[in-house]
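Visitor: Need coordinates for the below:
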Amino acid sequence: MTRVKRVTKNLNPAEPLSLARVLAHLSDPVHPLSHTLLAGLSGLDAAGVAQFAAAWPGLPPERRRHIAARLGEINENNLELCFDDIFRYLIDDRDATVRKSAIDGLWCSEEPELINPLIQRLQKDPSVEVQAAAAATLPMVT
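Guide: As a prediction, the model looks like this:
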């Protein structure tokens, strides 16, 4: 598999969504999870990830699963967007489906600091699906 370095790119520079607006829409379960909305989570800095992390636990479990899955789909199909920092945060989510989606989303990351968290999930996660995702992703990041 050829590795491609991801770059962060704003989809519509004329109308960028603020992170606060993105998080407000994510918190609203009736608001659709559009590509444009979720692209607002691409390339967040540490402060942005902290804002996301503060809002995330308040979301209903099904909404969190749906967001994590949609981020993975977008990540797989659009190399211009990068959700690695979000996925790194989600590796420790309380929901196994979210953890699996996060690990699956890191398939093209080349970050060596992911090795230990993936090994931990492989060895100690109670979910066999998460363990399998970690085993499949680990060779990609090493």
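
Visitor: Let's check: the centremost residue of the chain is which one?
Guide: Taking Cα atoms, centre = their mean, the centroid of the chain lies closest to residue 87, which sits 3.2 Å from it.

Visitor: So what's the gap between the one helix or strand that residue maps to and the chain middle?
Guide: According to DSSP states H and E, residue 87 maps onto helix 84-90. Put simply, helix 84-90 sits 5 Å off its chain's centre (Cα atoms, centre = their mean, to the nearest Å).

Visitor: Which secondary structure elements does the very next helix or strand once past that helix sit against?
Guide: Counting by DSSP H and E, the element after helix 84-90 in chain order, helix or strand, is helix 96-105. Applying 3 or more Cβ pairs under 8 Å, 6 or more residues apart in numbering; DSSP states H and E, one finds that helix 96-105 contacts helix 61-77, helix 84-90, helix 115-124, helix 128-141. C-beta here means a position set from N, CA and C on the backbone, and glycine is covered the same way.

Visitor: Show me the shaky parts of the protein.
Guide: Scanning the chain with the threshold set as pLDDT under 70 gives 1-16.

Visitor: from memory the residue nearest to the centre of the chain sits against residue 105, does it?
Guide: Yes. Shown here, residue 87 and residue 105 form a contact pair, counting by Cβ atoms under 8 Å, at 4.3 Å.

Visitor: any shared contact partners between those two?
Guide: 71, 75 (Cβ atoms under 8 Å, 6 or more residues apart in numbering).
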